[in-house]
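Visitor: give me coordinates for this.
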Amino acid sequence: MKLNVLFTPESADEQYFAKKTTVVIDVLRASNTIITALANGAKEVIPVGSVDAAVKITKNLFGGSTLLGGERNTKKIEGFNLGNSPLEYSGEKVKLKTIILFTTNGSKAVLRGKFSGILYICGFINIAAVVQQLAHSAEDIEIMCSGNSGSFSMEDVVCAGMIVNELTRIRKDILLSDSAKAAVLLYKPVDHDILKLLKETEHGRILMKNGFEEDILYCSKLNTTEVVPYLSGNVIKLLSGK
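Guide: Purely as a prediction, here's the structure:
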């Protein structure tokens, strides 16, 4: 089995992912928003690639059971119910709701991988649960980092490196690409202090400046949930049994 890490979604087109097992990572913050929404009882999350698409889909759904979530430049979009802070997605707000989600990077990355055999959403908060799913994969694995507006994102690649490191402890038959090996090399020096790493990344500094320090703390914690979101059609749902 081959395992590859894509440092940005632009590294491959949609058809590249066909029949593969894909993991999408957006540590700051879409992965954690999706994971948290489903952990707190949301019915599903529908990722979209633009604000216009979010509004259009919402008009075709029953309004009372649907929430618009998303951000531009880290801030909640005007007219949306929620932003992209996982702390906003409490059970009180999202239980049994359909979330239409647009984010600058994460929702677009999910759509890029929509033709995958199966696609999982991962952050540090559910990394062990995702690794357990990958350990049973019979297909080649692509770990897609959402990046930052098409650019390299350190936090996503370090998370990818942790996945590779943990998975290769379980399975010895995995052939790593150069990018997968590079991700592990970036992960190992910082594995003892993920919070410090996140605060020092480009996007982490922007979030700190805009008042989202609690989000960074939340996103830095390891294995606080066993929830594994996966893409079914164009909808993200909770993996059965999680």
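
Visitor: hmm, which helix or strand of this protein has the shakiest average pLDDT?
Guide: helix 51-59 (a mean of 90; mean pLDDT, DSSP states H and E).

Visitor: quick one: list the elements packing against it.
Guide: Using 3 or more CB pairs under 8 Å, 6 or more residues apart in numbering; DSSP states H and E, the elements in contact with helix 51-59 are strand 66-72, strand 98-102. Glycine gets a C-beta too; all of them are placed from N, C-alpha and C.

Visitor: and the contacts of that helix?
Guide: With contact meaning CB atoms under 8 Å, 6 or more residues apart in numbering, helix 51-59 is reached by 46, 48, 66, 68, 70, 72, 77, 80, 100-102.

Visitor: which one of those is nearest to Lys19?
Guide: Each of the contacts of helix 51-59 was scored against Lys19 by CB to CB, and Ile46 proved nearest at 23.2 Å.

Visitor: just the strands in this structure please.
Guide: All strands of the chain, identified by DSSP state E, fall at 2-6, 21-25, 44-47, 66-72, 75-76, 98-102, 118-122, 141-145, 175-176, 229-232, 235-238.

Visitor: so who does the residue nearest the centre of the chain touch?
Guide: Note on the chain: the residue nearest the mean C-alpha position is Ser31, at 2.8 Å, using CA atoms, centre = their mean. Contacts for Ser31 (CB under 8 Å, 6+ apart) come out as 24-25, 106, 121-123, 146.

Visitor: between the least confident helix or strand of the chain and strand 98-102, how many degrees?
Guide: Relative orientation of helix 51-59 versus strand 98-102 (axes from the mean of the first three to the mean of the last three CA atoms, to 10 degrees): 170 degrees.

Visitor: filter the contacts of helix 51-59 to the buried ones?
Guide: By neighbour count, with 16 or more other CB atoms under 10 Å, the contacts of helix 51-59 hold 46, 48, 66, 68, 70, 77, 80, 100-102 as buried.

Visitor: and of the residues you listed, the nearest to Thr201?
Guide: Gly70 (21.1 Å).

Visitor: could you find the closest non-adjacent residue to that closest one?
Guide: Among residues not flanking Gly70 along the chain, Phe102 sits closest, at 3.7 Å (CB to CB, 6 or more residues apart in numbering).

Visitor: show the contacting residues for that neighbour.
Guide: By CB under 8 Å, 6+ apart, the neighbours of Phe102 are 47-51, 53-54, 69-71, 77.

Visitor: show the buried residues in those.
Guide: Buried subset of the contacts of Phe102 (neighbour count, 16+ other CB under 10 Å): 47-48, 51, 53-54, 69-71, 77.

Visitor: low-confidence stretches in the protein?
Guide: Residues of the chain that meet the criterion pLDDT under 70 lie in 62-63, 241-242.

Visitor: and the helices in it?
Guide: 30-39, 51-59, 91-94, 106-112, 127-134, 154-170, 178-187, 194-200, 202-209, 213-220 (DSSP state H).
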